[in-house]
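Visitor: fold the following and give me the result.
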Amino acid sequence: MTGARPEGSTTRLADERGFTLIEVLLVSALLIVVLGAILSMLDTTGRVSARDQERPLAIREGQVGLYRMTRELRQATQVYSLTDYRAEVQVTVGGVAQRVLYACDVTSAGSSYRQCTRVGSTNLSAALSPGTTVVVEKLQNGTSADPVDPVFTLSSSSYAKVSLLVPENPEWAGDSRRSTAFKDGFYMRNLGTL
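Guide: The predicted structure is shown next:
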């Protein structure tokens with residue numbers, strides 16, 4: 001009994017030869033190019049996504065800070081001082097008179113931005129120093145990016161405007177074109193009601 005091959009086994013083996021070395025190298029090179037393009041797109045998307053997530057946070061912070069300042073300053077019964085970057089007033093909170101200072105000329109350590117801080121005291125005769133409670137963390141008003149735009153502007157004896165210039169992304173320091181401006185005003189309707 002000799003080992004006879006079944007019919008058709010020779011042609012089947014010839015058809016299952018595989019790929020040549022040149023074909024494998026060509027497909028490998030194309031695969032590297034395609035994977036490189038895909039990974040490059042993923043890297044770019046990751047960077048753009050992080051930047052796009054920072055913008056709404058900056059906008060929200062500016063809105064909340066502006067609302068907080070104007071809401072409290074609207075309740076002023078006496079104005080101690082109102083300069084381009086500081087507002088020091090007396091307000092009544094919960095039936096208790098307080099002296100409140102919003103200082104928007106505080107430089108933050110290691111940053112090219114300024115901060116708006118708030119401090120309050122029940123001692124009405126003592127002048128206040130800028131506080132540690134941050135109302136707006138990154139502010140371009142008064143910096144080299146926007147040196148002339150004041151935060152507070154007194155329009156009349158009882159009406160003031162507030163203007164905040166908040167950068168949309170920390171990477172864009174110094175570019176006021178990539179900032180969002182928040183503007184509001186407050187009428188101090190309680191002035192002189194001590």
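Visitor: neighbouring strands - and their directions - for the strand ranked longest in the chain?
Guide: Under DSSP state E, the strand in the chain containing the largest number of residues is strand 96-107. According to DSSP bridges, strand 96-107 forms sheet pairs with strand 86-93 (antiparallel), strand 114-121 (antiparallel).
Visitor: quick one: average pLDDT of the first one?
Guide: What strand 86-93 shows for mean pLDDT is 91.
Visitor: for it, buried residues please.
Guide: 86-91 (16 or more other C-beta atoms under 10 Å). C-beta: built from backbone N, CA, C; applies to glycine.
Visitor: what of the last one?
Guide: For strand 114-121, the neighbour count (16+ other C-beta under 10 Å) marks 114-119 as buried.
Visitor: closest one of the residues you listed to residue 191?
Guide: Lowest distance from residue 191 to the buried residues of strand 114-121 (C-beta to C-beta) belongs to residue 118, with 20.0 Å.
Visitor: from residue 127, how far off is residue 179?
Guide: According to C-beta to C-beta, to the nearest Å, residue 179 stands 32 Å off from residue 127.
Visitor: quick one: the strands in the chain?
Guide: 76-82, 86-93, 96-107, 114-121, 133-139, 152-154, 159-167, 179-187.
Visitor: look up how far residue 142 lies from the residue minimising distance to the centre of the chain.
Guide: Centroid-nearest residue in the chain, with C-alpha atoms, centre = their mean: residue 58, separated by 2.7 Å. Remark: distance between residue 58 and residue 142 (C-beta to C-beta) = 18 Å.
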